[in-house]
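pasting the sequence and the predicted model now:
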Amino acid sequence: MLSLSIVLPAYNEEENVERAVNHVSEVAQGLDREYEIILVNDGSADRTGEIARQLEGRVPQFRLVEHYPNRGYGGALKAGFEAATKDLIAFYPGDAQFDFAEIERLLEPAESGEADVVCGYRFDRQDHFVRKLNAFGWNSVVRVLFGQLCRDIDCGFKLFRRDILDHVQIASDGAMIDTEFLAGAKARGYRIAEVPLTHLPRGAGEATGANLAVIVKAFRDLVRFRARLSRELREESR
């Protein structure tokens, strides 16, 4: 049975973070495998870090990673990936908009050998129209540049083999990290599977992904990454 690192990125999630960690911990204890929970406090300006520090010692197998200032979603995930020590890495959002019990759906294709990366997709997405529209545009552009990676590229609940990080370099600190990781993995022959996941309404706090500055930076990084990936593949083929 493969061991599991669970990474939760969190930025200004004081109203959600304790609930998210406790939910993940409750499910993880019933998975019958070695695991660790890593919460990354991404330079939060609210009480996210304070609450997370109170969970240390109370929640089994829980570790806190903090950095200041805020690095962005990609930076938070990279910090969690660097801290992870287990065979598989799952990442799950600190806003708890998924049911972590559905981790079993992601584990099955990974443990059966069917896939190296397992992407969730939100089959009834509980976001407002503007976020859905942004997602449609982003997915369309990514498909043009990299082909079909998965139907819900930025779904925040995924799982992959940790050793993939030895071969796929991730540079983005922003919203492009999922695309960068998936495109890099696919280009190197790693198998990607998809499973449907229940998407829950945000209980508290505010999402940052629809921020115009975040979107503009992601598109700029996307173009740069396309050129960088081509260079990397040429160098690796020599």
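In hand now; what should we look at? Numbering: from 1, shown residues only.

now the strands: where do they sit in the protein?
Listed from the start of the chain, the chain has strands (DSSP state E) covering 4-10, 35-42, 62-67, 88-91, 117-122, 158-161, 192-197.

count the neighbours of Pro196 for me.
14 (other CB atoms under 10 Å). C-beta coordinates here come from the backbone N, C-alpha and C atoms, glycine included.

grab the nearest non-local neighbour of it.
Leaving aside its sequence neighbours, Pro196 sits nearest to Phe123 (CB to CB, 6 or more residues apart in numbering; 4.3 Å).

swap in Ser5?
Ala84 (3.6 Å).

that neighbour: what's it in contact with?
With contact taken as CB atoms under 8 Å, 6 or more residues apart in numbering, Ala84 is in contact with 5, 7, 36, 38, 162.

and Arg228, how many neighbours?
Arg228 is flanked by 15 other residues according to other CB under 10 Å.

pretty sure it sits against Ala171.
Yes. Assessed by CB atoms under 8 Å, Arg228 is found in contact with Ala171 at 7.4 Å.

if we can go back for a sec, tabulate the strands of the chain (TSV), appending distance to Glu104.
Output for the strands of the chain, formatted as TSV (distance: least, CB to CB, whole Å):
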stretch	distance to Glu104
strand 4-10	11
strand 35-42	13
strand 62-67	21
strand 88-91	11
strand 117-122	11
strand 158-161	11
strand 192-197	10
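
please convert those to CSV, extending it with mean pLDDT and distance to Glu235.
Listed next are the strands of the chain as CSV, based on pLDDT from 0 to 100; distance: least, CB to CB, whole Å:
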stretch, mean pLDDT, distance to Glu235
strand 4-10, 97, 29
strand 35-42, 98, 31
strand 62-67, 97, 30
strand 88-91, 98, 26
strand 117-122, 94, 23
strand 158-161, 98, 23
strand 192-197, 96, 23
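
of the ones you listed, which approaches Gly184 most closely?
Gly184 sits nearest to strand 117-122 of all the strands of the chain, at 10.4 Å, using CB to CB.

relative to Pro201, how far out is Glu236?
Distance of Glu236 to Pro201, computed by CB to CB, to the nearest Å: 43 Å.

hang on, the residue nearest to Pro196 packs against Glu194?
No. Proximity of Phe123 to Glu194 does not meet the contact threshold set by CB under 8 Å, at 10.5 Å.

with neighbour numbers in mind, choose between the two.
Using other CB under 10 Å as the criterion, Phe123 and Glu194 rank with Glu194 on top: 19 against 12.
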